[in-house]
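>>> Okay, here's the prediction I keep looking at, along with the sequence it came from:
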Number of protein chains: 2
Amino acid sequence: MMIIDKLYERVLKNGPVCIGLDPREELLPEYLMKKDWSMGEKIFEFNKMIIDATLDECACFKPQIACYEAFGLDGMLAYSKTVQYIKSKNGISIGDVKRGDISSTAEMYGKGHFEGDFEADFITLNPYMGCDSISPYNKYFESGQKGAFVLIKTSNIGSEDFQESMVDGKELYLKVGSKIKTWGESFVGRSGFSALGGVVGLTYPEEFKKIKDECKGLFYLIPGYGAQGGNGKDAADMIGEEMCGIVSSSRGVIGAHKGINEGESFAECARQAVLDMKGDILKWL
Amino acid sequence: MMIIDKLYERVLKNGPVCIGLDPREELLPEYLMKKDWSMGEKIFEFNKMIIDATLDECACFKPQIACYEAFGLDGMLAYSKTVQYIKSKNGISIGDVKRGDISSTAEMYGKGHFEGDFEADFITLNPYMGCDSISPYNKYFESGQKGAFVLIKTSNIGSEDFQESMVDGKELYLKVGSKIKTWGESFVGRSGFSALGGVVGLTYPEEFKKIKDECKGLFYLIPGYGAQGGNGKDAADMIGEEMCGIVSSSRGVIGAHKGINEGESFAECARQAVLDMKGDILKWL
């Protein structure tokens, strides 16, 4: 089965929640912070407990690699162990790496993030450098085993600087979305979705409507729920009854225990937060 | 002294060559490939010998992190040892990481690449996500200790897909360049250049002229010499007598020994290649 079809099946079965594994010191429970372990060891234990507590209620996990690179080699070991642990549990991982580079360099990123220590099922990519910064990953998409989400319209305020530039009467993000749709046409699974999807922030529902009209058949990674201001109704409107996307939340899930449960059962709060978020989205569908 | 001033001094003293440390299996000399070492150990030894042989004839070194991520944790150790070795020799490093992410995530990238195991003097950044994907690094620029080069017009053919989009009668890359110029105005050193510079491919000399007119005072990282098709005359035209940039070459320098010297003195070829490249640029100035 193609990985995009597996992800879509998971969405239909478990709901559209994507859990952002973006560990930061201030989010770790007190009992873990007190341990005589390296930060990387603490992070991996934190992730492992959250993965175990939420696996059957979420669509996938999205570790943000910046939060691991911040802790150097020790952090990268935690990243590697995290994506491998997700795989060992038959979970689906999205390496949120937002890489973007030219052909031969992109091949090296492909080797780095679709094979070996840092292997994930999907990665995120940045489109600024154009077609030959995306096409080097095609062999992985063709295999059916891997997929990617390319930035279209991001959730932050700075996304207005360039992404909303008007190009031939349309916003740049529509041009980007339309190219992604074209580039992904060879990698469509039986779900009808391509292994090459798009990233659109939940904070821009009006823009999402335009993108959905322009790029029919794309599957979306939608960040911005909760802490960044996106709500369940907007999320439901965006993914629709066809469930054409996953909605990502990090702090709202992995920080749900803060000030409530700082002990070894902290991950129960993450599970409850996922159930609440699912309910908050699905009640509108 | 601000790092941008140190880099500019190095350009005036040693010339404008930036050596791309993009190690690939096929570039390593045979005697190294035969060693019973991990790939990361081989890569670090390779880099170390090139750094030793070229330090006094180049402006700086630019390890492309994709070539290290490709080898997983072992590769990341080689990356860490490489940037640390450059520092120990009082060399200048540009971590070619092309990161781009929103505020709190960019802070983690800052921690990852301006501190700790992966600390470099400069990094490269992707502008697609806008102002709040660049501003989180300001504290490092303010300190004078760090700088960054943001992608404006890249050297690859795919750069035409989005970067050349016409926005209000001007190409998007000009809009990006102009924003970078504005964002960097608080970090100008005594050289007159800002710690926030731009990346423009040597393969687009006409576009470079427009950028230089639009964004006066930027310092440039210019990839694309040699293997990618850029020549010395174009490079000289671009940096000009004011020497407003560094010209990057990877394969032409670190692969110069291939088929000629596969033994322990292979790095002499890299040194000669740097001298040749310097001559090829400086003879036009």
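Thanks, I have the structure now.
>>> Run through the helices of chain A in chain order.
Ranges of helices in chain A, per DSSP state H, are A:3-14, A:30-33, A:39-54, A:66-69, A:72-88, A:103-114, A:138-142, A:159-162, A:172-183, A:205-214, A:232-239, A:251-254, A:267-282.
>>> Packed most tightly, which of those would that be?
Comparing these by mean neighbour count (mean count of other CB atoms under 10 Å in any protein chain shown), helix A:66-69 comes out on top with a mean of 26. Any C-beta I mention is one placed from the backbone N, CA and C, and that applies to glycine too.
>>> is chain B contacted by that helix?
Yes. Judged by CB under 8 Å from any CB of the partner chain, helix A:66-69 comes into contact with chain B through A:66-67, A:69.
>>> Give me the contacts around that helix.
Outside helix A:66-69, the residues within contact range by CB atoms under 8 Å, 6 or more residues apart in numbering or on different chains are A:21-24, A:40, A:43, A:75-76, A:78-79, A:82, B:99, B:101, B:105-106, B:108-109, B:112-113, B:118.
>>> what about that helix, distance to the chain center?
15 Å (CA atoms, centre = their mean, to the nearest Å).
>>> With stretch A:158-177 instead?
Centre-to-centre, stretch A:158-177 and its host chain are 22 Å apart (CA atoms, centre = their mean).
>>> could you give the mean pLDDT of it?
For stretch A:158-177, mean pLDDT is 96.
>>> Only C-alpha atoms, please: export that stretch in PDB.
C-alpha atoms of stretch A:158-177 as PDB (Å, rounded to 0.1, in the frame of the first residue of the first chain):
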ATOM      1  CA  GLY A 158       5.500  36.500   8.000                       C
ATOM      2  CA  SER A 159       3.900  34.200   5.400                       C
ATOM      3  CA  GLU A 160       2.300  37.400   4.100                       C
ATOM      4  CA  ASP A 161       5.700  38.900   3.100                       C
ATOM      5  CA  PHE A 162       6.300  36.800   0.000                       C
ATOM      6  CA  GLN A 163       3.600  34.000  -0.200                       C
ATOM      7  CA  GLU A 164       0.800  36.600  -0.800                       C
ATOM      8  CA  SER A 165       2.700  38.500  -3.500                       C
ATOM      9  CA  MET A 166       0.400  38.900  -6.600                       C
ATOM     10  CA  VAL A 167       1.800  37.100  -9.600                       C
ATOM     11  CA  ASP A 168      -0.300  37.400 -12.800                       C
ATOM     12  CA  GLY A 169      -3.300  38.300 -10.800                       C
ATOM     13  CA  LYS A 170      -3.000  35.400  -8.400                       C
ATOM     14  CA  GLU A 171      -1.200  35.000  -5.100                       C
ATOM     15  CA  LEU A 172       2.200  33.300  -5.200                       C
ATOM     16  CA  TYR A 173       1.000  30.600  -2.900                       C
ATOM     17  CA  LEU A 174      -1.600  29.600  -5.500                       C
ATOM     18  CA  LYS A 175       1.200  29.300  -8.100                       C
ATOM     19  CA  VAL A 176       3.200  27.200  -5.700                       C
ATOM     20  CA  GLY A 177       0.200  25.000  -4.900                       C
END
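>>> Enumerate the residues of the stretch 151-285 of chain A near chain B.
A:151, A:154-163, A:165-168, A:172, A:175-176, A:179.
>>> Indicate which one of the helices of chain A is closest to B:G224.
helix A:103-114 (12.8 Å; CB to CB).
>>> Which neighbouring elements make contact with that closest one?
Where contact means 3 or more CB pairs under 8 Å, 6 or more residues apart in numbering or on different chains; DSSP states H and E, helix A:103-114 is packed against strand A:94-99, strand A:122-125, helix A:138-142, helix B:66-69.
>>> how about these in a markdown table, adding distance to B:G263 and mean pLDDT?
Shown next, in a markdown table, are those (distance: least, CB to CB, whole Å; pLDDT from 0 to 100):
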| stretch | distance to B:G263 | mean pLDDT |
| --- | --- | --- |
| strand A:94-99 | 35 | 98 |
| strand A:122-125 | 39 | 98 |
| helix A:138-142 | 35 | 98 |
| helix B:66-69 | 23 | 98 |
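>>> Out of the ones you listed, which gets nearest to A:V17?
Set against A:V17 and scored by CB to CB, the helices and strands packed on helix A:103-114 come closest in strand A:94-99, at 12.5 Å.
>>> The residue most central in space within chain A pairs with what?
The centroid of chain A falls nearest to A:K62 when counting by CA atoms, centre = their mean (4.4 Å). Under DSSP bridges, the beta-bridge partners of A:K62 are A:G20.
>>> That one: what's it in contact with?
Neighbours of A:K62 in contact, by CB under 8 Å, 6+ apart: A:18-21, A:93-96, A:221, A:248, A:250.
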